[in-house]
Every structure is written in C-alpha cells, then in structure tokens.
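Novice: I need the structure of the sequence given here:
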Amino acid sequence: MLLMLLAFGAGSDLYARVYWPGSGNSGTSGSSGSKSPFHASELPGLSKKPLTKEEVSINGQPLTLEIYQLKTSREMLTSILKKRIKPEFLTAGSDFFRVIIPTGRHSSDRWLFVFAAPDQPVTAFRIEQDSPVPPATVWPRELPPLPAGSKADMIMEIPRINAVYGSFDHANGDPVQLLVSYSARLASAGWHNAGAEHSPAIRGTGEIYFRNQPERQILWVKFGENGIGAFYMKNIE
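Specialist: Residues are numbered from 1 along each chain as shown. Predicted coordinates for the structure are as follows:
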C-alpha cells in the first residue's frame, strides 16, 4: 500500500525544521518555551540519507519526494509523533501517519510514515513545499475510475518509474464491502487478484492486482477505515 498516500536535509543531515513548544504555530506541541530546532535524525533508526529521491507531481505541482527508513517500532514512533506534533497537523490511519509541519507562511515539510509488518522498518516519505499544493481536480485516466460517491483527495505522478498514485474520500463506506464490490469491477476490466484479501470470508481491506493487457501493469487497492482509500498503479517493464 501507499496510502498514499500519502503524501512528506540536505546532504547527510535531515532537518525537519520543527520547533519545540512555545515557538508559535510551528506544528509541535508541549509546554516548554524553547525554540531549539528539532533534528529529525533524533527519531529512532532514521536513515541519515534518503534511500532514493524522485521527481514527482502532486495535484499538478512539481515536487521532490525523498524516501527514508526508520528502524523502530510503530509504538515508539506513534508515541513520539503524538507528543511532539499538534493534532491538527497529524493524520493517523490504520497503517500510516501523515504529518504536516508549517515552515513559513506558504511552505511546509510533509512526512508520510507507512507501517508494514511489525518486524519491518517504517517507510518514511518526505516532501518540502514552498507553496500550497492545489486541490485535486481531474482524476487520472491511468487509474481505475473512482468508486461511486468518492471524491479525489490527492494525485501523485512519478514519471521516472511510470507510476500513478491517487487517494480519495470514500465517504466512510465499509472498507471490507468496498473491496469486495470493487474487486468484481476490476475483474470485469481484466484485472486479476494476486491474493485473496478481497474474499468476504477474509474481510480484507486491501489487495494487489495485475493484468497483461493493454499493458503489463500492477495495481494496489486500499480502502482505509478512516474513510480514505487509495490506488497505486505501475507499468511493469
């Protein structure tokens, strides 16, 4: 999944430009008056350099996406984020945290922390914005159509790897039932499920699909319990 999504240092040092409590509308919380900058490398197990960088487009705006790993537990990271980030700048999902740190009047530092298996590192996506991202308007034709009643939330295109990610508001529909019904829709469009998460008996909320026509493609589908769903599709060479 890239619920994703969503959603994120220069050189060997990574500064999130977060300020400790008492520094105004900085995105952090607490009672101290200190304005010492918070060094993101203090987060347990954070890689000092990004694993990779990608030029991306979010809702049509060109940006750079950096990807990191945190070798820490979900519980520890959750505790740190909830202690240091004001609730209005923190969005929690069933398997992700999205953090927005204001760094100026129109700039921000955005992080998306995605949790995999309990014994796996946390994947962190980071984007620095110098201006507001426009709202999502046209749903990309590369992705399957939005589920009925859904509204586009964010669209990310990654040209180098020919991949597209889109998140959407599915109006708090039951994630299990949404996956079951949408899986049938995908099957009629030539997609084949790679697993059995879409089975009503398993009660899954996400599934991976593939197809060979008209192109070889892989598709990841996720319906979150928080009302946000996501599609991620990539062409396979």
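Novice: Domains in the chain, by residue range?
Specialist: The chain breaks down by automatic domain parsing into domains covering 15-129, 151-235.
Novice: Compare these and say which comes out lowest on pLDDT.
Specialist: Note on these: domain 15-129 shows the lowest mean pLDDT, a mean of 73.
Novice: and residue 88, that's in a helix?
Specialist: Yes: read with DSSP: H, G, I helix; E, B strand; the rest coil, residue 88 is one of the residues of a helix.
Novice: ok, residues contacting the longest helix anywhere in the chain?
Specialist: Assignment by DSSP state H gives helix 175-188 as the longest helix of the chain. Identification of contacts with helix 175-188 by CB atoms under 8 Å, 6 or more residues apart in numbering yields 144, 147, 170, 193, 197-200, 203-207, 209, 219, 221, 223-225, 229. From N, CA and C alone the C-beta is placed, and that goes for glycine too.
Novice: one step back: with mean neighbour count and distance to residue 140 as added columns, please give the domains of the chain in CSV.
Specialist: Conversion of those to CSV gives the following (neighbours: other CB atoms under 10 Å; distance: least, CB to CB, whole Å):
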stretch, mean neighbour count, distance to residue 140
domain 15-129, 16, 10
domain 151-235, 17, 5
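Novice: In JSON lines: those domains, plus distance to residue 137.
Specialist: Putting the domains of the chain into JSON lines (distance: least, CB to CB, whole Å) gives the following:
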{"stretch": "domain 15-129", "distance to residue 137": "8"}
{"stretch": "domain 151-235", "distance to residue 137": "7"}
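Novice: Residue 139: which of those is closest?
Specialist: Closest approach to residue 139 among the domains of the chain (CB to CB): domain 151-235, 5.2 Å.
Novice: quick one, helices of the chain?
Specialist: Going by DSSP H, the chain shows helices at 74-84, 175-188.
Novice: would you turn those into JSON lines with distance to residue 213?
Specialist: Output for the helices of the chain, formatted as JSON lines (distance: least, CB to CB, whole Å):
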{"stretch": "helix 74-84", "distance to residue 213": "39"}
{"stretch": "helix 175-188", "distance to residue 213": "14"}
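Novice: Out of the ones you listed, which gets nearest to residue 55?
Specialist: helix 74-84 (27.2 Å).
Novice: Extract the C-alpha set from the closest one and format it as PDB.
Specialist: This file holds the C-alpha atoms of helix 74-84, laid out as PDB (Å, rounded to 0.1, in the frame of the first residue of the first chain):
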ATOM      1  CA  ARG A  74       5.200   1.500  15.400                       C
ATOM      2  CA  GLU A  75       4.500   2.100  19.100                       C
ATOM      3  CA  MET A  76       7.600   4.200  19.700                       C
ATOM      4  CA  LEU A  77       7.100   6.300  16.600                       C
ATOM      5  CA  THR A  78       3.400   6.800  17.400                       C
ATOM      6  CA  SER A  79       4.400   8.000  20.900                       C
ATOM      7  CA  ILE A  80       6.900  10.500  19.600                       C
ATOM      8  CA  LEU A  81       4.600  11.900  16.900                       C
ATOM      9  CA  LYS A  82       1.700  12.300  19.300                       C
ATOM     10  CA  LYS A  83       3.800  14.000  21.900                       C
ATOM     11  CA  ARG A  84       5.600  16.400  19.500                       C
END
